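> I'd like to go over a predicted model; first the sequence, then the structure.
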Amino acid sequence: MQRVLTAVQMREAEKAAQEQHGMPSGLLMENAGRALAEAARSLAGPGGRFTVLCGPGNNGGDGLVAARFLLEGGARVVVSLVGDTGKLTPEAKRNLQALEGFGESPRAFEVLPEAGPGDVVVDALFGTGLKRAPEGVFADAIGTVARWRRAGAKVVAADVPSGLQSDTAEPFTPCVEADVTVAFGFVKPAHELEPGASLCGDVRRVDIGLGGESTRAVSGAELFRVEEKDARDALPKRRADSHKGTYGHVLVVAGSPGKTGAAAMVALAALRSGAGLVTVATRAEALPWVMAHSPEIMGVALPGEGPLGKGDLEALKAALEGKDALVMGPGIPRGPETGALIGDLLASMEVPAVLDADALNAVAEDLKVLRQAKGPVLLTPHPGEMARLWGRTTKDVQAHRVGVALNMATSLNVTVVLKGSRTLIAEAGGRVYINPTGNAGMATGGTGDVLSGVCGALLAQGIPLPRAARTAVYAHGLAGDLMAQQRGLMGLIATDLLVGLGHVWTRWER
Ligand SMILES: NC(=O)C1=CN([C@@H]2O[C@H](COP(=O)(O)OP(=O)(O)OC[C@H]3O[C@@H](n4cnc5c(N)ncnc54)[C@H](OP(=O)(O)O)[C@@H]3O)[C@@H](O)[C@H]2O)[C@@H](O)CC1
Ligand SMILES: [K+]
């Protein structure tokens, strides 16, 4: 599992590498600069020139090392030190001397030759040490990088595109847009969260000698990136002598007239994700329509009419008998008592529960009902639903995704899946995982219903929370990525994910 480190944590890891393994910081910079040079070389056209822009800190030092390696390899290189050279760090100064020893001196930024197709610009202005919006000559330099890129040059960023804030993934204006970003040692939030991730281009993480053990010394937030191996390894093996009872029975409480497709998609996603049996509980008027979608779906009618309320408690408790997981929410008829019903239901059951869509909107009216839960609970809000849960705007949620998801998970003692580009999985224990799969084609109705079905199926098969959530989110995104290759981002619809899930499991069962 890849650790994602903040700027402060990077410094702690660096210190630990120095103290524990005697790694000199000059050697870390040497390794970083060499990897940067390699990435730059991989982007150059025949005879292309390298323009290396260096800032006053250690990020600039990495650029100076890269320039030296490129020169040593016989490339045409021009280097510029932007800003006050009097502020150079000791390591950067040493590398400036070394570069001059190779016969190349930095030029004034204003007199650099133009860059275009085949050329590569190395952006080593600022890395994790960026503190404020770039102004003056730095803003000019970033503007020039953008112009060269428009003219056809490729841009490789050292560690973080300059202008992008490493910890928040929020860009200042201006900010470099890179084709490739070489992440030194560990990936940072800027690489993994939007909008930063889109500004980084292709992220290539390289080892520079920090060592995995160095993360033991870091304090504060525990952020990780979900890896395919972690997701795949969570899946239960299907033994030859097993039967449908081995793989759990999911109860889906979903659907209402006009929204029977939501219930069907949850149920089908659960069936396509290995659940042994799936039963949908819904109002009698909606039930035949839900079941008509597929003969594998079983159903129970909830007596009564209108919104779900306290009067439905006994019927739901009966429906839950013998079930291994509950998924509740998509398309349910919501009313004033729905939140209280959910609280009472959670208080009466021990199997894991997934709350999605209108179940979330219902509990948002009084979050205390979640504290009654006896079993593990997973909430799967999209940013709008999270805004209702948190009592703030969607914009606020998006600006603080990690903090909001983590706060909700720890304060309510639940697992939270905050959907959106780079879906987050926040655990009550304090860890937050960033999911790398998925695409903009999945921004279409019903994909969330499919996700809740996958979650329910994995829980019913005995994968515990929060791991089931990480695996479900990864698989769901990968299903979208595989299907986008056939449908295009424009053509992708939620039921395609049911096919895509099949491709994911095939790939993982090999
Ligand atoms: N950690 C590790 O293990 C390793 C880290 N390495 C590398 O070090 C990088 C971090 O280096 P860093 O800490 O020196 O910070 P960096 O990004 O160069 O910037 C700081 C300088 O910029 C300045 N400055 C900031 N904002 C500004 C603005 N808006 N406008 C103008 N100036 C501004 C700031 O000055 P001040 O704030 O005092 O004005 C200071 O001079 C990291 O990203 C990686 O590339 C590798 O070498 C290998 C091992
Ligand atoms: K940079």
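Thanks, I have the structure now. Ligands and ions are numbered 1, 2, ... in the order given.

> quick check: residue 280 touching residue 256?
No - Residue 280 is beyond contact range of residue 256, at 11.7 Å (criterion: Cβ atoms under 8 Å). C-betas here are computed from N, CA, C, even on glycine.

> pick out whichever of the two has more residues nearby.
Using other Cβ atoms under 10 Å as the criterion, residue 280 and residue 256 rank with residue 280 on top: 28 against 23.

> is it true that the more buried one lies in a strand?
Yes - assigned with DSSP: H, G, I helix; E, B strand; the rest coil, residue 280 falls within a strand.

> ok, it to ligand 1 distance?
To ligand 1, residue 280 is 52 Å away according to Cβ to the nearest ligand atom, to the nearest Å.

> dump the residue contacts of that residue.
The contact partners of residue 280, taken as Cβ atoms under 8 Å, 6 or more residues apart in numbering, are 252-255, 263-264, 266-267, 287, 290-291, 297-300.

> can you do 6 Å?
252, 263, 267, 290, 297, 299 (Cβ atoms under 6 Å, 6 or more residues apart in numbering).

> now do residue 195: how many residues are near it, please.
15.

> just the contacts of residue 280: which are in helices?
Applying DSSP state H to those, the entries found in helices are 263, 267, 290.

> give me the neighbour count for the second one.
I take that to be residue 267. For residue 267, the neighbour count with other Cβ under 10 Å is 31.

> any idea how far it lies from ligand 2?
Residue 267 is 48 Å from ligand 2, where distance means Cβ to the ion, to the nearest Å.

> quick one: contacts for that residue?
252, 278, 280, 297.

> next, format those as JSON lines and append distance to residue 132.
Listed next are those as JSON lines, based on distance: Cβ to Cβ, whole Å:
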{"residue": "252", "distance to residue 132": "50"}
{"residue": "278", "distance to residue 132": "54"}
{"residue": "280", "distance to residue 132": "54"}
{"residue": "297", "distance to residue 132": "57"}
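
> please identify which of these is nearest to ligand 2.
Comparing the contacts of residue 267 against ligand 2 with Cβ to the ion places residue 252 closest, at 48.2 Å.

> what parts of this structure come near ligand 1?
10-11, 14, 28-29, 32, 55-62, 87, 89, 126-134, 138, 158-159, 184-185, 208, 210 (Cβ under 6 Å from any ligand atom).

> quick one, what contacts the residue of the stretch 351-500 of the chain found nearest ligand 1?
Nearest residue of the stretch 351-500 of the chain to ligand 1: residue 434, at 19.5 Å (Cβ to the nearest ligand atom). By Cβ under 6 Å, 6+ apart, the contact set of residue 434 is 192, 225, 422.

> now, these that are in strands?
Applying DSSP state E to the contacts of residue 434, the entries found in strands are residue 225.

> who wins on neighbours among the contacts of residue 434?
Going by other Cβ under 10 Å, residue 192 tops these with 26 neighbours.

> contact partners for that one?
By Cβ under 6 Å, 6+ apart, the contact set of residue 192 is 4, 225, 434.

> next one: it from ligand 1, what distance?
Distance of residue 192 to ligand 1, computed by Cβ to the nearest ligand atom: 16 Å.

> what's the longest helix anywhere in the chain in contact with?
Counting by DSSP H, the longest helix found in the chain is helix 467-491. Contacts with helix 467-491, where a contact means Cβ under 6 Å, 6+ apart, come from 226, 231, 234, 378, 415, 417, 423, 425, 433, 435, 437-442, 451, 454-455, 458-459, 492, 496-497, 500-501, 503-504.
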